[in-house]
Every structure is written in structure tokens, then in C-alpha cells.
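Novice: Okay, structure incoming, though there's no sequence with it:
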């Protein structure tokens, strides 16, 4: 039975590659010679100069990385690679499905959700010019699309829509994160979600950015930087004021297992709703500034990441941070522990916070504790289970259990 399955799988794979190859050949110019099969095609039997174009189609499979979640620097997907002459196209993606059960205010809820199906294409048009595309099939929307030109390793110009260079966690792919959910401090202060003034725009924005690596010591680049100018409203949103945001990040790697990071975001937000603290109305342009410090350490079998963030929103001071630990306990199994603290307004008393919560349900301060395990059953495919305990200063305690199946292709 296993032999028949393997033969069928091989046949399907070969058929798929043949169809892809035929489609790509059909898109090529009418006159070309393909090095792989030595076929010459002439359109309308005209005498033309034949251009030699090399064509290849392959599948890249990467070796298993047991602590892949601890690697925030690369993107080793099992990709489909297409090469036509000097142009290279890599097609890859991932899918994440979750089941959750939670209890809040005495009410039990549970659901099975397709959380993400992300499709990506990375095209290298020349050795210097590339284009990247990311599409969310669940929400039917574009997440990222940008062109990048590499003048040198220390100077790469990026134009389009992509993640702002602010905080370590917000720039990570969910496939590398050890926690199933983003930390509340990152969700709120990085503009990913749960900030009603900004909206759920997942920390992406349209802009122009210069990024690169410098000071190589023969083993690694010691520094990486990113500095950019962005519209400000967020992913797939039109500009809603005449002011731009500036975001920047500097990373320093003193050893191969240690990373130190600092980042900032300075700009003007346009309030999507009125301030929860009654400071300004909906549509008001308010000062929105943030800065953060972070550290990442990899000392097998442990992986540690921690960040601290401060924010300012039109008179409201906020701060937050988290500590994340991953412990590789056995072969392809990891233990995960995480603590997050978020204070959305550091200058409010308990009585004021209770009044705000009773009036609008808006929680100002909370601590979130996460514990769980994950099993890497094939390369970067994994099964995770985590318990999340959220303890707000006002409101009810929430207990939630989440499982996630991640498939990377």
C-alpha cells in the first residue's frame, strides 16, 4: 500500500511540474532555444535571431530544523523554484488552522478556524532587482507587495507595502513564532490589532525604506539597519492626513547567538474612533510615537526573546513588554513559556480604569501568561497546543486553550 501511495505521489508531482513548465514555456517569447530540452520554436516561419534562454524547474527541500521557531533571520520554505535566463521565481507559503476553547464571564466558546493561508512569490528579475508579493487567501487581501533594489549589501532600497521596522516580534513571520498568538503589548503598541485608534492593520504600511547589513567580521554582519518613511494609516489604507510616519530599527549581533535591537516609530495618527480616555474625537490627528528595546538569545537547548516598549498617543503614555522562552526538551518537541504585560495608560488610577471599563468595556492594564508545547513533525510543519491565562486589572479573567496545525509549503 505504501509503495502505491509513493508511486501515485511521484506521478502527481511530475504531472504538476510538467503543467507548470508548459505554462511557463507558453509565456516565453515566440523565438527561443531552451537549453534543457533543446527545442527551437519559430513564429510564423520567419527568420529571426535566436536568443539562448536557460529554463529550469525545481523543488527545494530544506533539512529539518528542530528549533525553527528560534530562527528569526531566514525563510527556508520548501519552495517551487523557476529559473528563466537571469530571472528567478520562488513560490512558497504556509497555512495555519486553529481550534480554541475559552471561558470569559461564565460563558464558554469554542471554534475551529482557518487562521491563515498565506501565498508568497519572490521574483529576482536581475541580480540586483527583486519583487515580493504576499497574499492572504483567507481574507482575500494583499499583505505585502514591494520592489527592492540592492545597490550594495549595506544599501537596499525597498518601495511598496510591507512591515514597518518596529519591534522584533512584529517583524517575525508567524511560522517562526513560538506562541500561537502575538503578545498583547505587541498587538497594541506596534499597531497590529486591539488599538481602536489605529485599527487592525497588522503593522504593515506603504512606504519607502533603506535597509542593509554592515561591518562584517568574517563570520557575520555585526549590524543591520532599516529606516523608512510611511503613509501611516496602515495596510491597504489610503492616506488620511498629510503627514508621514518615520520608523527605524538597528540590530547588533555581538555573537552568533545574541542579538540586541532598538527601534522607534514617530508620526501622526488619525483616530479611527474617539479616544477611550476622552482626550480627542474620531478623525482627530494625534501625535503617535513609540520606542523599544529588545534582546534575542539562542543557547541550545534554550531560546529567549524579550522586549520593552513605550508609547505616546496624544497625551496618553503607555508601556508594555514580554519575556518569551522556548526549551527544546526532546527531539522535535519544545516547551514554551511566555509572560506579557501591557499598560495602555500609565497615568490612570484603578477607579478611573474601572469607570472606563464599565462605560465601554475597554481594558487598560492586563497580564497574560502562556504555557504550551509544540511538535515539529516534518521540516517546518508543526502541531502546537497552548494554555493562555489573561488577568486584566478590571474585568473578568479569561482562560483559553488553543491548538494550531501549521503546514509550510
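Specialist: Thanks, I have the structure now. Please read all numbers here as calculations on a predicted model, not as lab measurements.
Novice: Now the spatially most central residue of the chain: phi and psi?
Specialist: In the chain, the residue lying closest to the centroid (C-alpha atoms, centre = their mean) is residue 173, at 3.3 Å. Backbone torsions of residue 173, given as degrees, to the nearest 10, read phi -70, psi 140.
Novice: and it, what pLDDT?
Specialist: Note for residue 173: predicted pLDDT of 92.
Novice: Ok, residue 275 next?
Specialist: In this model, residue 275 is scored at 92, pLDDT.
Novice: sec struct for it, please.
Specialist: Local secondary structure at residue 275 is given as coil here, using DSSP: H, G, I helix; E, B strand; the rest coil.
Novice: Name all residues that make contact with it.
Specialist: Taking C-beta atoms under 8 Å, 6 or more residues apart in numbering as the criterion, residue 275 is in contact with 197, 281, 284, 286, 313-314, 316. Just so you know, the C-beta spots here come from the backbone N, C-alpha and C atoms, and that holds for glycine as well.
Novice: how near is it to residue 121?
Specialist: Residue 275 sits 41 Å away from residue 121, going by C-beta to C-beta, to the nearest Å.
Novice: same question, residue 139
Specialist: Taking C-beta to C-beta, one finds residue 139 at 18 Å from residue 121.
Novice: Just want to know which of these two has more residues nearby.
Specialist: residue 121 (18 against 10; other C-beta atoms under 10 Å).
Novice: What pairs with the helix or strand harbouring that one, parallel or antiparallel?
Specialist: Following DSSP states H and E, one finds residue 121 within strand 107-124. Strand 107-124 has its sheet partners listed here by DSSP bridges as strand 87-104 (antiparallel), strand 129-136 (antiparallel).
Novice: what about the longest one, average pLDDT?
Specialist: Here strand 87-104 scores 92 as its mean pLDDT.
Novice: same question, the last one
Specialist: The pLDDT scores in strand 129-136 average 96.
Novice: buried stuff in that strand?
Specialist: By neighbour count on 16 or more other C-beta atoms under 10 Å, the buried set for strand 129-136 is 130, 132-135.
Novice: quick one: contacts of stretch 299-312?
Specialist: 67, 69-70, 167-169, 178, 185-186, 189-190, 257, 261, 287-298, 317-329.
Novice: can we see that at 7 Å?
Specialist: Where contact means C-beta atoms under 7 Å, 6 or more residues apart in numbering, the residues beyond stretch 299-312 that reach it are 67, 70, 167-169, 185, 189, 257, 287, 289-297, 318-328.
Novice: same check, this time on stretch 364-371
Specialist: With C-beta under 7 Å, 6+ apart, stretch 364-371 has contacts from 179, 184, 336-345, 348, 353, 356, 386-394.
Novice: again, 6 Å this time
Specialist: If you take C-beta atoms under 6 Å, 6 or more residues apart in numbering as the criterion, stretch 364-371 is touched by 179, 184, 337-345, 348, 353, 386-393.
Novice: Most neighbours among the contacts of residue 275, which one is it?
Specialist: The residue in those with the most neighbours, by other C-beta under 10 Å, is residue 313 (24 neighbours).
Novice: And the residue nearest to it when sequence neighbours are not counted, how close does it get to residue 220?
Specialist: Computed as C-beta to C-beta, 6 or more residues apart in numbering, the closest residue to residue 313 that is not its neighbour in sequence is residue 288, at 5.6 Å. Distance, residue 288 to residue 220, by C-beta to C-beta: 35 Å.
Novice: from the contacts of stretch 299-312, which would you call buried?
Specialist: Among the contacts of stretch 299-312, those buried by neighbour count (16+ other C-beta under 10 Å) are 67, 70, 167-169, 185, 189, 289-294, 296-297, 318-328.
Novice: And the helices in the stretch 151-300 of the chain, which stretches?
Specialist: 184-189 (DSSP state H, counting those that start in this stretch).
Novice: Can you show me the strands along it?
Specialist: 155-163, 204-216, 221-230, 245-255, 258-270, 285-299 (DSSP state E, counting those that start in this stretch).
Novice: buried stuff in the fourth one?
Specialist: If I follow you right, that is strand 245-255. Buried, per 16+ other C-beta under 10 Å, within strand 245-255: 245-249, 251, 253.
Novice: cool, and the third one?
Specialist: Judged by neighbour count using 16+ other C-beta under 10 Å, the buried positions of strand 221-230 are 224-226, 228, 230.
Novice: Next, the angle from it to strand 204-216.
Specialist: Strand 221-230 and strand 204-216 are oriented at 150 degrees to each other (axes from the mean of the first three to the mean of the last three C-alpha atoms, to 10 degrees).
Novice: Contacts made by strand 221-230 with the rest, please.
Specialist: Contacts for strand 221-230 (C-beta under 6 Å, 6+ apart): 165, 205, 207-211, 213-215, 244-253.
Novice: what lines up beside it in the sheet?
Specialist: Strand pairing for strand 221-230, determined by DSSP bridges: strand 204-216 (antiparallel), strand 245-255 (antiparallel).
Novice: Pull the residues that contact the last one.
Specialist: If you take C-beta under 6 Å, 6+ apart as the criterion, strand 245-255 is touched by 164-166, 220, 222-230, 232, 259-267.
Novice: now swap in stretch 151-162 and tell me
Specialist: 144-150, 204, 206, 208-214.
Novice: same question for it, mean pLDDT?
Specialist: 97.
Novice: follow-up on the earlier one: would you reformat the buried residues of strand 245-255 as a markdown table and include pLDDT and distance to residue 400?
Specialist: As requested, those are exported to a markdown table (pLDDT from 0 to 100; distance: C-beta to C-beta, whole Å):
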| residue | pLDDT | distance to residue 400 |
| --- | --- | --- |
| 245 | 95 | 33 |
| 246 | 97 | 36 |
| 247 | 97 | 31 |
| 248 | 97 | 35 |
| 249 | 98 | 31 |
| 251 | 97 | 33 |
| 253 | 97 | 35 |
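Novice: Just put those residues in CSV and tack on distance to residue 381.
Specialist: Putting these into CSV (distance: C-beta to C-beta, whole Å) gives the following:
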residue, distance to residue 381
245, 36
246, 38
247, 33
248, 35
249, 30
251, 28
253, 29
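Novice: Out of those residues, the closest to residue 271 would be?
Specialist: Proximity of these to residue 271 (C-beta to C-beta) peaks at residue 245, which lies at 14.8 Å.
Novice: how near is that closest one to residue 207?
Specialist: For residue 245, the distance to residue 207 equals 8 Å [C-beta to C-beta].
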